[in-house]
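Novice: Sharing a model that was predicted from the sequence below.
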Amino acid sequence: MPSEAKACSLSFDLRRKTWPLDHVHAHMPLETAAQIGRAVGPTGERVAWLDTETTGLAGGTGTYVFLVGIGAVEDGNFVLTQYFMRDLGGEIDMLEALAEHLRRFDALVTFNGSRFDLPLLQTRFLLSRLRHDFEQSEHLDVMSLARRLWYRRLGGYSMALLEQMVLKVDRFVDVAGWMIPSLYVQYLQTGDLEAIEPIFAHNAADLLSLLSLHGLTGEMVTHPQQTRVAVDWSGLGHLLDARRECAAAAECYRVALVDERDPSVRRRTVTALARHLRRTRQTMELLELWDGEIQREVLPGWLILERLAMLWEWELKDARHALACTEQALATLNGSTHNGSTLNGGGTDPVRVRLVHRRDRLQRKCATIYQSLGSLG
């Protein structure tokens, strides 16, 4: 169970909750999440996890940040410090104390902080004529990772959805996020602090889930073969590619291609896998990959045949096979649609122009080869 302490000034409250680092939230202990999460960032020695509660969900200069939660590993515990603005007149005092606290850290982790929390806090500092530049700190927005890893599998990537479907966390008693602004306005009118106690619990739960999600994404990129939750394998592969974990990325792409039926996603995935096979000179595997795509009939036939033509010409050094693939690709275009327009007889389509140019060049190349063979005979 967490321990809790409170302190008050005339204009804002300060609350501290601590959890032992072996406390398990979602899939792993907090200490493990804090350590393995660093695999995906941010760089920096002193990291804090940050979440805000505000008087509006759209942002803007009229939106106040009335509660800021900052989580950090301190003295063998995970410590959550919450700054609560008791009334609007206390904003400057709270922001000054918050800025002093934030100077302890050189890196921040948020969920949607890039588009909401940090710009809104920056606005409040500027309007209060206080100086604090969030751009000086390294920052990781875990939502950007969540979008790549889970959007296509879950149809969304909100914290509530990720808690339910990925972290498997159930908030038995919680206040809905959309209610929080109105509850704070009600508090300002009545002074009833008891009515907004659930907001503090909501903020604490958000921070714990943010830390756990950070740890889970770190675990997934360091040990993708041990992934224990539903994931968009193509998205995970692209994250691993960005980290130059090429072999692990290739395995993710292979898993993704087993049942991927979305043409655009399949094209990106098979192209990424093909790039890896070409880079590692696995020519026969590359040939099998594109041949297999013809059988699956998800991608346009001309696209696959064009890739095969390139493979036969440059890797396998067989201009005759390359020419046959190119001519077949051109034939496949007849009667098909590309970029929304029918290509029957069209001569200005860039795909057709490119294939015709390749065909003409390969015809000349083959003729030269045949002439050379004839002179030898």
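Specialist: That came through, no problem.

Novice: tell me the pLDDT at the closest residue to Arg152 other than its chain neighbours?
Specialist: Using C-beta to C-beta, 6 or more residues apart in numbering and skipping the chain neighbours, the partner closest in space to Arg152 is Asp232 (4.7 Å). For the C-beta atoms, the positions are set from N, CA and C on the backbone; glycine is no exception. Note for Asp232: predicted pLDDT of 97.

Novice: Tell me which residues touch Asp232, please.
Specialist: Arg148, Leu149, Trp150, Tyr151, Arg152, Arg153, Ala256 (C-beta atoms under 8 Å, 6 or more residues apart in numbering).

Novice: Just the ones in helices from those residues, please.
Specialist: Those of the contacts of Asp232 mapping onto helices are Arg148, Leu149, Trp150, Tyr151, Arg152, Arg153, Ala256, per DSSP state H.

Novice: Using PyMOL, define a selection of the buried residues within those residues.
Specialist: Per 16 or more other C-beta atoms under 10 Å, the buried members of these correspond to this PyMOL selection:
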select buried, resi 148+149+150+152+153+256
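
Novice: what are the ranges of the helices in the chain?
Specialist: Under DSSP H, the chain gives helices at 30-36, 91-102, 118-127, 142-154, 159-162, 180-190, 197-222, 233-242, 246-257, 263-279, 283-296, 301-310, 319-333, 350-376.

Novice: Confidence-wise, which of the ones you listed is weakest overall?
Specialist: Looking at the helices of the chain, the weakest mean confidence is helix 350-376, a mean of 89.

Novice: in that helix, what counts as buried?
Specialist: Val351, Arg352, Leu355, Arg358, Arg359, Leu362.

Novice: out of everything not next to it in sequence, what's closest to Ala99?
Specialist: Nearest to Ala99 is His132, by C-beta to C-beta, 6+ apart, at 4.4 Å.

Novice: For that neighbour, give me its contacts.
Specialist: Leu95, Ala99, Leu102, Leu121, Gln122, Phe125.

Novice: Skipping adjacent residues, who's closest to the most centrally placed residue in the chain in space?
Specialist: By C-alpha atoms, centre = their mean, the chain has its centre lying nearest to Leu145, at 2.1 Å. Among residues not flanking Leu145 along the chain, Thr217 sits closest, at 4.8 Å (C-beta to C-beta, 6+ apart).

Novice: doesn't Val40 make contact with that neighbour?
Specialist: Yes: look at Thr217 against Val40 with C-beta atoms under 8 Å: they come within range, at 5.1 Å.

Novice: just to revisit the earlier point, take the ones in helices among the contacts of Asp232 and lay them out in a markdown table including distance to His202.
Specialist: Output for the ones in helices among the contacts of Asp232, formatted as a markdown table (distance: C-beta to C-beta, whole Å):
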| residue | distance to His202 |
| --- | --- |
| Arg148 | 26 |
| Leu149 | 24 |
| Trp150 | 22 |
| Tyr151 | 24 |
| Arg152 | 28 |
| Arg153 | 26 |
| Ala256 | 35 |
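
Novice: Out of the ones in helices among the contacts of Asp232, which is nearest to Ala324?
Specialist: Ala324 lies nearest to Ala256 out of the ones in helices among the contacts of Asp232, by C-beta to C-beta, at 30.2 Å.

Novice: how close does the closest one get to Arg266?
Specialist: Distance, Ala256 to Arg266, by C-beta to C-beta, to the nearest Å: 8 Å.

Novice: same deal with Arg254?
Specialist: 13 Å.

Novice: which one of those two has more residues nearby?
Specialist: Arg266 (18 against 15; other C-beta atoms under 10 Å).

Novice: ok, the residue nearest to that one when sequence neighbours are not counted - contacts?
Specialist: The shortest distance from Arg266 to any non-neighbouring residue, by C-beta to C-beta, 6+ apart, is to Glu260 (4.7 Å). Glu260 makes contact with Ser234, Arg266, Thr269, Val298, according to C-beta under 8 Å, 6+ apart.

Novice: Now that the first one has come up, it's in contact with Arg254, right?
Specialist: No: contact between Ser234 and Arg254 fails when scored by C-beta under 8 Å: they sit 10.5 Å apart.
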